[in-house]
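Enquirer: Sequence and predicted structure, then a few things I'm wondering about:
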Amino acid sequence: MGQDKSEEGLTSEVEPEVDEKDIGTLKQSLAEEKTKAEGYLANWQRAQADFINYKRRSEQEKEEISKFANASLMLNLLPILDDLERAFTSTPPHLARLTWVDGIRLIERKLQASLEGQGLSLIKALGEPFDPKFHEAAMHGKGKEGIVIEELQKGYKLHDRVIRPAMVVVGNGKGEEKKEVEQGNSE
């Protein structure tokens, strides 16, 4: 019997007296801690999203910098291309067949190919509708209204950004009226 009493003592649980006031306080504390935890989670998620956005913006900026880092160098080389082109158009026919002129032409083509390899492209202007994003109007001339009738200086883009607009002459519509009148009289 002595053993039965000691076994009973081990198996019986002592239930502490819990006051209703303590349960209410504990529930309130638990609710406050849950609210704090939810706030911390929301702040952490916001910080994580901000960091992801920062990384993405940083990568985009790096790409932009690498794409357009050479823009000023290319802009400085464009007058050289213009000069070479003017030199070739004004070369007398008897000199145009000389091998050293062909060599310089080859150098011009290599320079142009190298710049194109870095993302430089020519802006098409002649015969196109005037677009102030790509063209700079130097003057108006007789021709179809709003159409580029002459290109005074070539324009270039680097990737998708204009680094030098094409300087152009835009038609004012006056030359077209005479042609239409002449065509009407001949019929």
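Expert: Nice, I can see it. Residues are numbered from 1 along each chain as shown.
Enquirer: need the longest helix for the chain.
Expert: helix 20-68 (DSSP state H).
Enquirer: Packing partners of the helix or strand just after that helix?
Expert: Once the chain leaves helix 20-68, the next helix or strand it forms, by DSSP states H and E, is helix 71-89. With contacts defined as 3 or more Cβ pairs under 8 Å, 6 or more residues apart in numbering; DSSP states H and E, the packing partners of helix 71-89 are helix 99-117, strand 155-158, strand 161-164. C-beta here means a position set from N, CA and C on the backbone, and glycine is covered the same way.
Enquirer: Could you export those as JSON lines, including mean neighbour count?
Expert: Below are the helices and strands packed on helix 71-89 laid out as JSON lines (neighbours: other Cβ atoms under 10 Å):
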{"stretch": "helix 99-117", "mean neighbour count": "12"}
{"stretch": "strand 155-158", "mean neighbour count": "19"}
{"stretch": "strand 161-164", "mean neighbour count": "15"}
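Enquirer: got TSV for those, with mean pLDDT and distance to residue 141 too?
Expert: Putting the helices and strands packed on helix 71-89 into TSV (pLDDT from 0 to 100; distance: least, Cβ to Cβ, whole Å) gives the following:
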stretch	mean pLDDT	distance to residue 141
helix 99-117	92	28
strand 155-158	94	18
strand 161-164	92	22
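Enquirer: looking at those, which is closest to residue 42?
Expert: strand 161-164 (39.9 Å; Cβ to Cβ).
Enquirer: Who are the packing partners of the closest one?
Expert: Looks like strand 161-164 contacts helix 71-89, strand 155-158 (3+ Cβ pairs under 8 Å, 6+ apart).
Enquirer: okay, those, which one's buried deepest?
Expert: Comparing the helices and strands packed on strand 161-164 by mean neighbour count (mean count of other Cβ atoms under 10 Å), strand 155-158 comes out on top with a mean of 19.
Enquirer: Quick check: which ranges of the protein have low pLDDT?
Expert: 1-18, 175-187 (pLDDT under 70).
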